[in-house]
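Enquirer: Sequence plus predicted model, see below.
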Amino acid sequence: MTSTDRERWQRVKDQLRNQLGEDVFTSWFGRMELDAADNGTVRLSVPTRFLRTWIQAHYSEHVLAKWQAEDSTISRLELSVRSAAIRPAVVKPKPAESAVQSRELREINGIEARASAPFMSVHEALGGSPLDPRLSFETFIVGRSNTLAHAAAKQVATTRRGEQLMFNPLYIHAAVGLGKTHLLQAITWAGNGADRKVLYLTAERFMYGFVSALKTQTTLAFKEAVRAIDVLVIDDVQFLQGRSTQAEFCHTLNALIDAGRQVVIASDRPPSDLESLDDRVRSRLAGGLVVEIGSLGEELRFEILKSRIAAARLYHPGFEVPAPVLAYIAKAVTHNGRDLEGAVNRLLAHNKLTGQPVTLEMAEREMRDLIRPQEPKRVRIEDIQRVVARQYNVSRADLLSSRRTANVVRPRQVAMYLAKILTLRSLPEIGRRFGGRDHTTVLHAVRKIEALAGNDTTFAEEIEGLKRQLQD
């Protein structure tokens, strides 16, 4: 190896350090060595197989491009694992180097970085999903519908490494646009100063990472890297698909929780409604703290609008929205927070592009398609079982049991009937949620209740009363 090659290697390392940051560079490239650079091939070596597989999967093209910028004759990069047996140390390790070697296990697991490592460097190095800097705890507006979810997220974010976890996993579910992703990213951003490795992944990114690892035969590296995280945050878990991917997610979930590491999950439905997931996964998710974010009340919508307009005014100082316009939008645009943000963007665009002030008349005209009819309440099978059990003075366990006494059979049939007409669940799914019954049993119950209600006015009114309780 010539001195020119060594100089080129030093420049390549300097470029990697400048581009990736000191901590990422130290974690992945600190012990990479140049073996040779000849015949169009640059040969590098690292001390562990994990480092080799991870760098091959994530950084090999990056390193090759840097070499080609230094030497245009290079067209190929080879990465090997060097053996201490055939490469005896020339210099006795210094104490600091021995300390690094004593942390070998953590380094193999892909989390070696100094305690002061910048959060985003760690997050990006581990292949995290993109984060929006606007989604922090400081910008999250707290109201009656999200107080518990916000408090739980703050508790997770402020727990230090080694402290007892209050609940694990934390599972937040809500309809679209109500703030669950905001809370998950806020937890991730808060990891910046908590001396913990926090990784935020969408379910899609988790699937992509696992499938890529399968293709490149680096699944062991993928598993070790993910399971070494202190706080794993998974968003939109309802999109997790594929038997092997779900199995890996289940194993990862169990490994992290059993090791006392925090897991935070978000979905658009409670764990029991994740029909595509294995029963074991649903059970593990339900075993932590499950929190629902409810719909936005008018007062909370008003505060969200004020916050969004204040943020817009930082870049557009002349942007003013009269109080009556704010009150109108808060009352009329009821669906979710994203519609509220869209409303503010429309007001801003109208004001800046036309030069005209924001008025109530203009707002009424611009918001017409955002004013949606009130959607009916989403009814859950658990709610049906609870309301029916209370109505007929039986327990929910009775409804799910194999008991066939008259005082249990009729309420069970009523609950199955209501599940069929008030939810979108299939007959097999309803049967499964009622103690694993066959779909023909559910169909018989539906027909039985329909016939009784058609012949008995009092019973029909009773059924209508149950419907109103569930839908109000």
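Expert: Yep, it's here.
Enquirer: can you list the weak-confidence ranges in the chain?
Expert: For the chain, the stretches with pLDDT under 70 are 1, 23-24, 27, 50, 83-127, 192-195, 372-377.
Enquirer: Show me where the stretch 251-400 of the chain has its strands.
Expert: For the stretch 251-400 of the chain, applying DSSP state E, counting those that start in this stretch gives strands covering 262-267, 289-292.
Enquirer: Give me the contacts around the shortest one.
Expert: What that stands for is strand 289-292. The contact list for strand 289-292 (Cβ atoms under 8 Å, 6 or more residues apart in numbering) reads 148-149, 152, 166-167, 169-174, 270-271. Heads up, the C-betas are built off the backbone N, CA and C, glycines and all.
Enquirer: picking up where we left off before, deepest-packed of the strands of the stretch 251-400 of the chain, please.
Expert: strand 262-267 (a mean of 25; mean count of other Cβ atoms under 10 Å).
Enquirer: Parallel or antiparallel, list what pairs with that one.
Expert: Strand 262-267 sits in its sheet next to strand 170-173 (parallel), strand 231-235 (parallel), going by DSSP bridges.
Enquirer: for the stretch 101-250 of the chain, what spans make up the helices?
Expert: Secondary structure of the stretch 101-250 of the chain (DSSP state H, counting those that start in this stretch): helices at 104-108, 119-125, 147-158, 180-190, 203-215, 219-227, 243-258.
Enquirer: Tell me which of these sits most buried.
Expert: Of all these, helix 180-190 carries the top mean neighbour count, a mean of 24, counting by mean count of other Cβ under 10 Å.
Enquirer: From the chain's centroid, how far away is it?
Expert: Relative to the centre of its chain, helix 180-190 is centred 9 Å away, using Cα atoms, centre = their mean, to the nearest Å.
Enquirer: by contact count, what packs against it?
Expert: On a contact count with 3 or more Cβ pairs under 8 Å, 6 or more residues apart in numbering; DSSP states H and E, helix 180-190 meets helix 147-158, strand 170-173, strand 198-202, strand 231-235, strand 262-267.
Enquirer: so that helix versus strand 198-202, what angle?
Expert: 150 degrees (axes from the mean of the first three to the mean of the last three Cα atoms, to 10 degrees).
Enquirer: Keeping just the C-alphas, turn helix 180-190 into CSV.
Expert: Extracted in CSV, the C-alpha atoms of helix 180-190 (Å, rounded to 0.1, in the frame of the first residue of the first chain):
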residue,chain,number,x,y,z
LYS,A,180,-51.0,10.4,17.6
THR,A,181,-48.1,10.8,15.1
HIS,A,182,-47.4,14.2,16.7
LEU,A,183,-47.0,12.5,20.1
LEU,A,184,-44.9,9.7,18.8
GLN,A,185,-42.5,12.1,17.0
ALA,A,186,-42.4,14.3,20.1
ILE,A,187,-41.3,11.3,22.2
THR,A,188,-38.5,10.7,19.6
TRP,A,189,-37.4,14.3,19.5
ALA,A,190,-37.3,14.3,23.4
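Enquirer: ok, back up a step: among the contacts of strand 289-292, which one sits closest to Gly287?
Expert: Pro169 (7.8 Å; Cβ to Cβ).
Enquirer: Run through the residues that contact the closest one.
Expert: The contact partners of Pro169, by Cβ under 8 Å, 6+ apart, come to 253, 257, 262-265, 284-285, 287-289.
Enquirer: Could you dump those residues into JSON lines with distance to Met362 added?
Expert: Shown next, in JSON lines, are the contacts of Pro169 (distance: Cβ to Cβ, whole Å):
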{"residue": "Leu253", "distance to Met362": "50"}
{"residue": "Ile257", "distance to Met362": "52"}
{"residue": "Gln262", "distance to Met362": "47"}
{"residue": "Val263", "distance to Met362": "47"}
{"residue": "Val264", "distance to Met362": "41"}
{"residue": "Ile265", "distance to Met362": "42"}
{"residue": "Arg284", "distance to Met362": "51"}
{"residue": "Leu285", "distance to Met362": "46"}
{"residue": "Gly287", "distance to Met362": "51"}
{"residue": "Gly288", "distance to Met362": "47"}
{"residue": "Leu289", "distance to Met362": "44"}
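Enquirer: And those residues, which is closest to Arg433?
Expert: The closest of the contacts of Pro169 to Arg433 turns out to be Leu285 (Cβ to Cβ; 16.3 Å).
Enquirer: Now do the contacts for the spatially most central residue of the chain.
Expert: Centroid-nearest residue in the chain: Asp235, 1.5 Å away (criterion: Cα atoms, centre = their mean). Going by Cβ under 8 Å, 6+ apart, Asp235 touches 129, 180-181, 184, 200-203, 266.
Enquirer: ok, it to Ile265 distance?
Expert: Going from Asp235 to Ile265 by Cβ to Cβ, to the nearest Å gives 8 Å.
Enquirer: ok, now Lys197?
Expert: Counting by Cβ to Cβ, the gap from Lys197 to Ile265 is 18 Å.
Enquirer: Ok, Thr158 next?
Expert: When distance is defined by Cβ to Cβ, Thr158 is 19 Å away from Ile265.
Enquirer: Let's verify Arg412: helix, strand, or coil?
Expert: The assignment at Arg412 comes out as helix when based on DSSP: H, G, I helix; E, B strand; the rest coil.
Enquirer: picking up where we left off before, partner residues bridging the residue nearest to the centre of the chain?
Expert: In beta-bridge terms (that is, DSSP bridges), Asp235 pairs with Thr202.
Enquirer: please begin residue numbering at 37 from this point
Expert: In the new count, where the first residue is 37, that last one comes out as Asp271.
Enquirer: distance of it from Glu284?
Expert: Distance, Asp271 to Glu284, using Cβ to Cβ: 17 Å.
Enquirer: How many residues are close by the closest residue to Arg448 other than its chain neighbours?
Expert: Nearest non-adjacent residue to Arg448, counting by Cβ to Cβ, 6 or more residues apart in numbering: Leu435, 5.0 Å away. For Leu435, the neighbour count with other Cβ atoms under 10 Å is 25.
Enquirer: Was I right to think Leu435 contacts Ala425?
Expert: Yes. Using Cβ atoms under 8 Å, Leu435 is in contact with Ala425, at 6.0 Å.
Enquirer: between those two, what contacts are shared?
Expert: 447, 451.
Enquirer: Need the contact partners of stretch 363-376.
Expert: Against stretch 363-376 from outside (Cβ under 8 Å, 6+ apart): 211-215, 331-332, 334-335, 337-338, 340-341, 344, 379, 396, 399-400, 403, 406-408, 410-411.
Enquirer: Next, the buried residues of that stretch.
Expert: Within stretch 363-376, the residues that qualify as buried are 364-366, 368-373, 375-376, counting by 16 or more other Cβ atoms under 10 Å.
Enquirer: export those to JSON lines and tack on distance to Glu106?
Expert: JSON lines is the format used below for those (distance: Cβ to Cβ, whole Å):
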{"residue": "Tyr364", "distance to Glu106": "62"}
{"residue": "Ile365", "distance to Glu106": "57"}
{"residue": "Ala366", "distance to Glu106": "59"}
{"residue": "Ala368", "distance to Glu106": "62"}
{"residue": "Val369", "distance to Glu106": "57"}
{"residue": "Thr370", "distance to Glu106": "60"}
{"residue": "His371", "distance to Glu106": "55"}
{"residue": "Asn372", "distance to Glu106": "52"}
{"residue": "Gly373", "distance to Glu106": "49"}
{"residue": "Asp375", "distance to Glu106": "52"}
{"residue": "Leu376", "distance to Glu106": "52"}
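Enquirer: Sounds good, over and out.
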